[in-house]
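Asker: Just the structure for this:
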Amino acid sequence: MFEKLEIFRMATAMATHAGQRQAIAAQNVANADTPGYQARDLPEFRSVFRPTEASGLPRATRAGHLHGSRSGAAIAASFATRDGAAPNGNSVSLETEMLKSVDAKRQHDRALAIYKSGLNILRSTIRG
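Answerer: The predicted structure follows:
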């Protein structure tokens, strides 16, 4: 039932993305001393998440429409690698990975807050 509501779908996708991003940052840190290892990252959540067509957001129905899209398909998350700067070819920066880890935690906390707020609204609506 809850997965059909756009707010819960978005919160779930945001939490999942944050978890994946945290796992990749941890993998990058674990390979910080591996020669030739290229640090990986996921694209930002807002560039990956696309609302469903039924969400009530504007969509293009003609080629002349602005700011809409004909397809509601989500863009598949892809890994981006950064060029190596270390003499051994390793591109991991521990400072960058720490910042990405903090950003992933904030994103996860934000997703939980959105989910909790949505549940509170549903409870209030059901109680009357």
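
Asker: Give me the neighbour count for H108.
Answerer: 18 (other C-beta atoms under 10 Å). Bear in mind the C-beta positions are built from the backbone N, C-alpha and C, glycine included.

Asker: And it, how far from F45?
Answerer: Separation of H108 from F45 (C-beta to C-beta, to the nearest Å): 11 Å.

Asker: before we move on, what about A13?
Answerer: From A13 to F45 the distance is 8 Å (C-beta to C-beta).

Asker: on that earlier part again, just give me the residues shared between the contact sets of H108 and F45.
Answerer: Common neighbours of H108 and F45, counting by C-beta atoms under 8 Å, 6 or more residues apart in numbering, are M14, A18.

Asker: picking up where we left off before, when A13 and F45 are compared, which one has more neighbours?
Answerer: Shown here are A13 and F45; by other C-beta under 10 Å, F45 has more neighbours (19 against 16).

Asker: A104 is in contact with that one, correct?
Answerer: No. Contact between F45 and A104 fails when scored by C-beta atoms under 8 Å: they sit 9.9 Å apart.
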